[in-house]
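In: Here is the input, now give the coordinates:
(chains A, B, C and D)
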Number of protein chains: 2
Amino acid sequence: MSKTTLEQRIRSDIEARIRSGALRPGDRIPFEHELVAAYGCARATVSKAVEALAKAGLVERRRKAGTFVAHPHVQSAVLAVPDLEKLIAARGEAYRWTLIEQCRASASDLETGDIPSPALRIDGVHHADGVPLALEMRLISLSAVPLAASQPFGERSPGAWLLEQVPWTEARHEIGAANPTPEEAAALDMPTSGACLEVRRWTWQSGAPVTYVRQLFPGGRYHLMAEFTPGA
Amino acid sequence: MSKTTLEQRIRSDIEARIRSGALRPGDRIPFEHELVAAYGCARATVSKAVEALAKAGLVERRRKAGTFVAHPHVQSAVLAVPDLEKLIAARGEAYRWTLIEQCRASASDLETGDIPSPALRIDGVHHADGVPLALEMRLISLSAVPLAASQPFGERSPGAWLLEQVPWTEARHEIGAANPTPEEAAALDMPTSGACLEVRRWTWQSGAPVTYVRQLFPGGRYHLMAEFTPGA
DNA sequence: ACCGATATTATGTCTAGACATAAATGTGGG
DNA sequence: CCCACATTTATGTCTAGACATAATATCGGT
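Out: Numbers count the residues shown, from 1 in each chain, chains lettered A, B, ... in the order given. Reported below is the predicted structural model:
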């Protein structure tokens, strides 16, 4: 067990009072000088504790007025967008990647992915225990990742390789639903009428496009999960 | 323009060197005592700046060794799961909620939503400019929110009301794809063969279930978005 | 009662130290 | 050469103040 510092003890004391409902949204928590007296420590210490709660969004600080329990407002959650290879391995299933096609990206590809020419296009399927879990269509900017041109993506999936290769600094996801085309349905071993979860991700490094990927998950075989505990 | 403190200037100076690529993952950033000398300030100030970068996951601190630029590893993003009423209003479209049914929740409802009896069940549709944007099936625990029983959900959507009423402390989302039943397709004015984005959310307050909601979005009319800039 | 200037006060930022802790490094003995 | 031990050093936590800032509360005059 790790040693708890005074700062985190103060923080968790207050947090417990909020989560239990003893302190409700809008209520004022004790002033810093009151906490200083209660814990017999310096103001910097209680200040850091309360500051952490404020950055976590649990309380709101107002000069002269004091510090108040925040009203929950924005509904946001931390979404896990896992590396599929690791995800499947973590579930104890056998991972397999099969390449469908590896070629130069066409002009229309580049437009949908917002990637500059020249770029590589890689299509393939992620399997878990032999069952197709996701169809992946990826574009990789060759000006950002020249090494990609000489990689054997028939053997390894491009996602994990890219993550090691190019640290990205910015990413955007769009998550929606789509029906597969007949070819996509065949690759996923599913009926054309079935719904698919569609995840599209754009990734940049310091403003320069690195990769675009569109993943299609057969509905029911996979879902994304997002947990949210304010301030945790 | 807001006044920048010395602490955030130190922080953004280092962050800029990381994002520009001048400092690459694995590189050591200057020691605290070097930064103290460079900026001519107290160690507490540079320590807070570097600490903030560490909490943001941009750098990793190791005793005796120093502070190093972190390798990006987990792929996670902040997902916005907006209140639909506010989202539609923010896009400049006209919001309308229509109630389909309001009744006591059945035993099978309670099981899927993991809500204790007694509970209220509310079905309805969110419209944007008259077009159905989402079908919503919601359960509200009456032991957690007794007031819900006497609310006129024919007029207002239950989501926004609940958020004001009961501050939640924990939430879990599952995001997947599904085909609508014929009734659901009719309510959404879409073909049965079309894919839908399905968002299911469980909400607790201090461990006690508050509400469960399942929302069905016709594919193409809506998608969730998630942005991620490490440390922002 | 209303409005504006002033005093008060809680938080925001910072200094200049102290001591604790853990990990890398150097040192000597086997 | 390798292992055990002591040393060094950067970060971790904390103290006891100082001054700045912004918002509330009070008081006085109209």
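In: got any ranges where chain A has weak pLDDT?
Out: Low-confidence segments of chain A (pLDDT under 70): A:1-2, A:73-82, A:229-232.
In: Show which residue of it lies farthest from the average position.
Out: residue A:37 (41.7 Å; C-alpha atoms, centre = their mean).
In: which SSE is it in?
Out: Counting by DSSP states H and E, the element that carries residue A:37 is helix A:32-39.
In: Quick check: next helix or strand after that helix?
Out: With secondary structure assigned by DSSP H and E, helix A:32-39 is succeeded by helix A:43-55.
In: Check the offset of the helix or strand that that next one is followed by from the chain's centre.
Out: Downstream of helix A:43-55, the first helix or strand assigned by DSSP H and E is strand A:59-62. Mean-position distance between strand A:59-62 and its chain equals 28 Å (C-alpha atoms, centre = their mean, to the nearest Å).
In: Show the contacting residues for residue A:212.
Out: Residue A:212 makes contact with A:112, A:113, A:114, A:115, A:138, A:139, A:200, A:201, A:202, A:203, according to C-beta atoms under 8 Å, 6 or more residues apart in numbering or on different chains. Where you see a C-beta, it was placed from the backbone N, CA and C, and this is true even at glycine.
In: Just the buried subset of the residues you listed, written out for ChimeraX, thanks.
Out: A single ChimeraX command selects the buried members of the contacts of residue A:212 (16 or more other C-beta atoms under 10 Å in any protein chain shown):
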select /A:113,115,138,139,200,201,202,203
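In: where's the residue farthest from the centre of chain A relative to DNA strand D, distance?
Out: 12 Å (C-beta to the nearest atom of the strand, to the nearest Å).
In: cool, and residue A:181?
Out: Applying C-beta to the nearest atom of the strand to residue A:181 and DNA strand D gives a distance of 51 Å.
In: count of neighbours near the spatially closest residue to residue A:89 that is not a sequence neighbour?
Out: Excluding its sequence neighbours, the residue lying closest to residue A:89 (C-beta to C-beta, 6 or more residues apart in numbering or on different chains) is residue A:95, at 5.6 Å. Burial of residue A:95 is recorded as 17 neighbouring residues (other C-beta atoms under 10 Å in any protein chain shown).
In: same thing with residue A:42?
Out: 11.
In: Report the contact partners of residue A:194.
Out: By C-beta under 8 Å, 6+ apart, the contact set of residue A:194 is A:179, A:180, A:185, A:218, A:219, B:179, B:195.
In: The last one reaches residue B:176, doesn't it?
Out: Spelled out, it's residue B:195. No: checked against C-beta atoms under 8 Å, the pair residue B:195 and residue B:176 is beyond contact range at 10.6 Å.
In: Now for the spatially closest residue to residue A:121 that is not a sequence neighbour, how many residues are close by?
Out: Distance criterion C-beta to C-beta, 6+ apart; nearest residue to residue A:121, sequence neighbours excluded, is residue A:105 at 4.2 Å. Counted with other C-beta under 10 Å, the neighbours of residue A:105 add up to 23.
In: Verify the stated contact: residue A:105 with residue A:115.
Out: Yes: in this structure, residue A:105 is within contact of residue A:115 by C-beta under 8 Å, at 7.0 Å.
In: Identify the contacts common to these two.
Out: Taking C-beta under 8 Å, 6+ apart as the criterion, residue A:105 and residue A:115 both touch residue A:139.
In: Could you count how many residues lie near the residue of chain A found nearest DNA strand C?
Out: In chain A, the residue that lies nearest DNA strand C is residue A:32 (3.3 Å; C-beta to the nearest atom of the strand). Residue A:32 has 18 neighbours, counted by other C-beta under 10 Å.
In: what about the residue nearest to residue A:121, distance to residue A:203?
Out: 15 Å (C-beta to C-beta, to the nearest Å).
In: and if you look at residue A:53?
Out: 33 Å.
In: repeat for residue A:225
Out: Following C-beta to C-beta, the distance that separates residue A:225 from residue A:203 is 21 Å.
In: Disregarding flanking residues, what is the spatial nearest neighbour of residue A:20?
Out: With C-beta to C-beta, 6+ apart, the residue lying closest to residue A:20 is residue B:206, at 5.9 Å.
In: Alongside DNA strand C, which residues does chain A contribute?
Out: A:3, A:31-33, A:43-44, A:47, A:50-51, A:54, A:61-67 (C-beta under 7 Å from any atom of the strand).
In: All good on my end, thank you.
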